[in-house]
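[1] build the 3D model from these lines:
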Amino acid sequence: MRLDMFQVDAFASTLFSGNPAAVVPLYEWLSDELMQSIAAENNLAETAFIVRKGEYYELRWFTPEEEMDLCGHATLATAHVLYEFLGYRDPVVVFETKSGRLLVEREPDGSYAMDFPSWPPKEMQVTERVTKALGVRPEELYANHRDMVAVFSTREEVEALRPDSRLVAQLDCMCLICTAPGLDYDFVSRVFVPEEGIPEDPVTGSAHCALVPFWAERLGKETLNAYQASKRGGELRCRMLGDRVKIAGKAVSYLVGTILLED
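    Sure, this is the predicted structure:
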């Protein structure tokens, strides 16, 4: 069996920046075990699989460790592959996922704007476990059903973080998001996901389901420009839309290949 595979740098305007994701189009679903093995072999933060169902696509995301409920950069990468390689021409792509129906619109400048759920975090007490994991005490701590958000005063503090991945993996969250107000951007962030085999995620679209409502309320702004300050770095244009958020960015194609599987 041969499967097409595409690798895309998402939330990037140039190669070797943003967050790489693999995209594997399918005619029908493979077994969960086989898709997990492909994702582990790719060893990228995410491998996305899609199957067309009439006017929409079913979309699933796998880290090297397990299937995810939501992934922004791999969704953006999948939309890019549909438009650039698979002849998709409609202005909006509809994906059915574990997080419900997600829409992605291709914008005139070549960006992809994703319609995602809003997951506003609620304030909680700063814990010693979080402080030890980060090596420094954040000013504030928030959490939603999936992630924790540690708030700092400056971008420099966020960039200087050297967390203990072992301790971060033991926290009661999937992503530990560290954020601060920016100068050139409304806010900056870094995201750590060691429990899923990702010590630091380069650019995390789904983390902005928490960050956008948090910073929109704090700054009194509906439209925000964000930067994820990882080594690769990535820019995100965000907008608050009631109980939804719009997260937009560009993508660059890196690789087109073939997966060779035993028949």
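
[2] tell me the domain boundaries of the chain?
    2-117+248-260, 122-242 (automatic domain parsing).

[3] reformat the ones you listed as JSON lines; add mean neighbour count and mean pLDDT.
    From N, CA and C alone the C-beta is placed, and that goes for glycine too. Shown next, in JSON lines, are these (neighbours: other Cβ atoms under 10 Å; pLDDT from 0 to 100):
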{"stretch": "domain 2-117+248-260", "mean neighbour count": "18", "mean pLDDT": "97"}
{"stretch": "domain 122-242", "mean neighbour count": "19", "mean pLDDT": "97"}
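
[4] who are the neighbours in contact with the closest residue to residue 62 other than its chain neighbours?
    Setting aside the residues directly before and after it, residue 62 is nearest to residue 39 in space (Cβ to Cβ, 6 or more residues apart in numbering), at 3.6 Å. Neighbouring residues of residue 39 by Cβ atoms under 8 Å, 6 or more residues apart in numbering: 22, 46-47, 62-64.

[5] can you do 7 Å?
    47, 62-64 (Cβ atoms under 7 Å, 6 or more residues apart in numbering).

[6] with residue 248 instead?
    Residue 248 touches 107, 111-114, 236-237, counting by Cβ under 7 Å, 6+ apart.

[7] next one: phi and psi at the residue nearest to residue 62?
    phi -60, psi -40 (degrees, to the nearest 10).

[8] can you check the one 4 residues further on too?
    Main-chain torsions, residue 43, degrees, to the nearest 10: phi 60, psi 40.

[9] give me the secondary structure label for the spatially closest residue to it that is not a sequence neighbour.
    Nearest residue to residue 43 in three dimensions, chain neighbours excluded: residue 64, at 5.5 Å (Cβ to Cβ, 6+ apart). Three-state assignment for residue 64 (DSSP: H, G, I helix; E, B strand; the rest coil): coil.
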